[in-house]
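S.K.: Turn this into a structure:
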Amino acid sequence: MMTGHHTTWKTGKINYKVLRKINPEAARLAVIEYLSTNKGNISEAARIFGIQRTVVYDILKKEEEGDLEDRSRPLYILPIKLLLK
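M.R.: Predicted coordinates for the structure are as follows:
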């Protein structure tokens, strides 16, 4: 079996997490390109990239909005009850 960092040739899977660490936009674009070649089969794309279908839907939403870049997330503030324990 011949394996690389981004793909496993025997299974035909692409390691989305590794691609995303290198370049998040390119990783999302790879998923979108794959969807265009497999008639938009979201389940198959998720399986090939080793991600959940919800991640694929999030990628499609980002594409629809016209921005594949990472976005900052709001800060999560712990409730005071947890801080006092």
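S.K.: avg pLDDT for stretch 26-42?
M.R.: If you average the pLDDT over stretch 26-42, you get 94.
S.K.: Quick check: what element follows the helix or strand bottoming out on mean pLDDT in the chain along the chain?
M.R.: Least confident element among the helices and strands of the chain, by mean pLDDT, DSSP states H and E: strand 7-8 (a mean of 48). Per DSSP states H and E, the first helix or strand lying C-terminal to strand 7-8 is strand 13-14.
S.K.: contacts for the very next helix or strand once past that next one?
M.R.: As assigned by DSSP H and E, the chain's next helix or strand after strand 13-14 is helix 16-22. Contacts with helix 16-22, where a contact means Cβ atoms under 8 Å, 6 or more residues apart in numbering, come from H5, H6, A26, A27, R28, A30, V31, F49, G50, I51, V55. Using the backbone N, CA and C atoms, a C-beta is placed for each residue, glycine as well.
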